[in-house]
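**Q** sequence? don't have it. structure:
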């Protein structure tokens, strides 16, 4: 009972701190956004350019070299998968260095360190929203609309943000304590992409590999976006419901562990 009360107190303290430091979160997000695109000629165009290039490459591969049958035009199928995946992958790439890249603030200024990870996720979310403009154009071109299922979109986005933040909290903390985590992360993120239904439907993968793919939270999230935007149906399948529940648990646990480990951050720099 005492342990539960302590966990509740820690959780409430962490939430209150996030609210009190919301202005810092805004300034960090603004700073990171300006730094990322200040010296870039294309600016926000990179948020659109990279998914489009990858879509074009994989469209050639899976429509001409090794034809892949999907229920919607493949370029649209692939672009949505890549856009969704890039949001989580890019957020985590910035999150893994979120603490080590802000050493002066971590060691000299008191603030809830979670804001560095949340800021990384929010900046990438803005990139994704820009990339969403092309998605809307592709949907219009192929005459595909989401219909009533669009009402589910905010819940899918929220689950992805929560999942990405939870993983980001863990890997940023791990990288602060063990600096080789960022190198291992690059290997994991590459394998993870091909274990997710980014470029092909999860229904094509059978056996044990298929079970693993369906239990992969990112597969459920990518499929949920396709259900809502391309197929016009509810995303709440068994796998997405499992992902949503697991995300809530993991976010709480990673947040509590991160909050309790903060006092050791300065020692690990």
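**A** Done, it's in. Since this is a predicted model, take the numbers as computed values, not measurements.
**Q** neighbours of the residue nearest to residue 75 when sequence neighbours are not counted, how many?
**A** Closest residue to residue 75 apart from its sequence neighbours, by CB to CB, 6 or more residues apart in numbering: residue 59 at 4.8 Å. (C-beta placed from N, C-alpha, C; glycine too.) If you count neighbours by other CB atoms under 10 Å, residue 59 ends up with 19.
**Q** any stretches of the stretch 1-150 of the chain with poor pLDDT?
**A** For the stretch 1-150 of the chain, the stretches flagged by pLDDT under 70 are 1-21, 37-47, 64-67, 108-109.
**Q** could you rerun that using 50?
**A** Along the stretch 1-150 of the chain, the parts satisfying pLDDT under 50 run over 1-4, 8.
**Q** how far does the helix or strand encompassing the residue nearest to residue 75 sit from its chain's centre?
**A** Following DSSP states H and E, one finds residue 59 within helix 45-60. Helix 45-60 sits 18 Å away from the centroid of its parent chain (CA atoms, centre = their mean, to the nearest Å).
**Q** mind listing what's buried along that helix?
**A** 46, 47, 48, 50, 51, 52, 54, 55, 58, 59 (16 or more other CB atoms under 10 Å).
**Q** picking up where we left off before, quick one: the residue nearest to residue 75 and residue 77 touch, right?
**A** No: the pair residue 59 and residue 77 does not pass the contact test of CB atoms under 8 Å, sitting 9.2 Å apart.
**Q** centre-most residue in this structure?
**A** residue 88 (2.2 Å; CA atoms, centre = their mean).
**Q** any figure for the gap between the residue lying closest to that one once chain neighbours are set aside and residue 68?
**A** Among residues not flanking residue 88 along the chain, residue 164 sits closest, at 4.8 Å (CB to CB, 6+ apart). Using CB to CB, to the nearest Å, we find residue 164 at a distance of 27 Å from residue 68.
**Q** closest to residue 215 out of the buried residues of helix 45-60?
**A** Ranked by distance to residue 215 (CB to CB), those are led by residue 58 at 24.1 Å.
**Q** do a quick rundown of the helices in the stretch 101-250 of the chain.
**A** Using DSSP state H, counting those that start in this stretch, the helices found in the stretch 101-250 of the chain span residues 103-108, 114-141, 153-177, 181-194, 207-215, 217-229, 238-261.
**Q** tell me the most buried of those helices?
**A** Compared across the helices of the stretch 101-250 of the chain, helix 217-229 shows the largest average neighbour count, a mean of 24 (mean count of other CB atoms under 10 Å).
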